[in-house]
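1. Task: produce atomic coordinates for the following.
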Amino acid sequence: MAHVELSLSEVFAPAAGTPTEQGYDNIGRWSATVSSAGEPCLLIDAETRVVAVSTAGCELLGLGTPEDVIGLPLLDGGLRLVDFTAYRGELAEPEIDKIPPLLALSSGRLARGLLRIEAVEGASDATVDAISTPVLANGVVAGSLTFFSEV
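-> As a prediction, this is how the structure comes out:
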């Protein structure tokens, strides 16, 4: 299993002007990074809309292409989560709120957990380890950044 370490540090922004005026908003920076990443990762905004997703993330999560899901709410973009029972039922609302990307948004803290992704017909479901961190803008949670690893 792959090992992922996540370290957060204070972001340096030049003193003159606000970060947004200078083009240093965290969502914008992370969006560019995620879009070009070789690793499976995803960035959503505070309203759970997909801001950026890597090609590897789309493949792992069964989302098609990044262009297919950017701008859509995370769970309306084709992501099909199922529970870990033998019946593979869709996740109920209380469980959906606890998936790492959404939990990082609501708690403002790191979140980690396993997700079971319903596969397209003929393939087996994928189990992924998800590690999410909130993305802040002006001290407020503006989104979450999630890295995935297939288990």
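2. Wait, Thr48 touches Pro73, no?
-> Yes. Between Thr48 and Pro73 a contact is recorded at 5.1 Å, counting by Cβ atoms under 8 Å. For glycine as for every other residue, the C-beta is placed from the backbone atoms N, C-alpha and C.
3. okay, those two: which has more neighbours?
-> The residue with more neighbours, out of Thr48 and Pro73, is Thr48; 17 against 14, by other Cβ atoms under 10 Å.
4. can you pull the contacts of the more buried one?
-> Neighbouring residues of Thr48 by Cβ atoms under 8 Å, 6 or more residues apart in numbering: Pro73, Leu74, Leu75, Pro101, Leu102, Leu105.
5. of the residues you listed, buried ones?
-> Buried subset of the contacts of Thr48 (neighbour count, 16 or more other Cβ atoms under 10 Å): Leu74, Pro101, Leu102, Leu105.
6. Surely the third one is in contact with Glu93?
-> Pointing back at Leu102 there. No. In terms of Cβ under 8 Å, Leu102 does not count as a neighbour of Glu93; the distance is 10.9 Å.
7. Can you point out the buried residues in stretch 86-96?
-> Using 16+ other Cβ under 10 Å as the test for burial, stretch 86-96 gives Leu91.
8. Okay, and the closest residue to Asp45 other than its chain neighbours sits in which element?
-> Distances taken as Cβ to Cβ, 6 or more residues apart in numbering put Gly143 closest to Asp45, at 4.5 Å, once the chain neighbours are dropped. In this assignment (DSSP states H and E), Gly143 forms part of strand 140-150.
9. One more: Phe84?
-> Applying DSSP H and E, one finds Phe84 in no helix or strand.
10. Contacts only, for it.
-> Listed by Cβ under 8 Å, 6+ apart, the contact set of Phe84 reads Leu114, Arg116.
11. And Tyr87, how close does it get to Thr48?
-> Distance, Tyr87 to Thr48, by Cβ to Cβ, to the nearest Å: 26 Å.
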